[in-house]
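[1] would you be able to build a 3D model of this:
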Amino acid sequence: MKSHHYSITVEWTGNDGAGTRSYSAYRRDHRVEARGKPPIPASSDPAFRGDGARYNPEELLVASLSSCHMLWYLHLCSVNGISVIAYRDVAAGVMREADDGGGAFQSVVLKPIVTIASGNDRQKAIDLHTDAHHMCFIAQSVRFPVSTVAEIIVSSS
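    Here you go, the predicted structure:
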């Protein structure tokens, strides 16, 4: 079995001079970086005193699930003779906060809208979403349900 290793640097950038002296004394801003790639400006969700103009960890988790599914789906389509010409997912996740302030994701729903070339097998294109879900490393690593509600459009040209 192959192993793959990933290294990310997360650096807090929200110290306004007083550190974490109090709950309201610091910003939740931070930067996510990987060598040779542009940084991702991040913060906590605005519900937790974060900056809504930056990505938060919850959004990045949903994005990771969506991206992983899409990449597997495109691969599976390419090796199964399905020509995808457009793919867009508007994914949504639900996280519930516990009384003690902790919490967990309850579910994520992927909603890809996929356009395939005219003459391609629409049913096969639908079925490959199930295969993509089973192959997605991220979906197979989380402990909450990830479902897919796909729409397949057959191009008229």
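[2] which helices and strands sit right next to the lengthiest strand in the chain?
    Longest strand in the chain, counting residues (DSSP state E): strand 103-110. Strand 103-110 is packed against helix 57-79, strand 92-97, strand 146-148, with contacts defined by 3 or more CB pairs under 8 Å, 6 or more residues apart in numbering; DSSP states H and E. All C-beta spots, glycine's among them, are computed from the backbone N, C-alpha and C.
[3] angle of it against strand 92-97?
    170 degrees (axes from the mean of the first three to the mean of the last three CA atoms, to 10 degrees).
[4] moving C-terminal from strand 103-110, which element do we reach first?
    strand 112-116 (DSSP states H and E).
[5] buried residues, that following strand. List them.
    Applying a neighbour-count criterion of 16 or more other CB atoms under 10 Å, the buried positions in strand 112-116 are P112, V114, T115, I116.
[6] the third one contacts V84, doesn't it?
    Yes: applying CB atoms under 8 Å, one finds T115 in contact with V84, separated by 7.2 Å.
[7] give me the pLDDT for the most centrally placed residue in the chain.
    In the chain, the residue lying closest to the centroid (CA atoms, centre = their mean) is A63, at 1.7 Å. In this prediction, A63 carries a pLDDT score of 98.
[8] circling back to that earlier point, which among the helices and strands packed on strand 103-110 is found nearest to Y23?
    Closest to Y23 of these is strand 92-97 (CB to CB; 16.1 Å).
[9] can you list contacts of that closest one?
    Residues outside strand 92-97 that contact it (CB atoms under 8 Å, 6 or more residues apart in numbering): E58, L61, V62, L65, G103, A104, F105, Q106, S107, V108, V109, K111.
[10] mind running it again at 7 Å?
    For strand 92-97, the external contacting residues (CB atoms under 7 Å, 6 or more residues apart in numbering) are E58, L61, V62, G103, A104, F105, Q106, S107, V108, V109.
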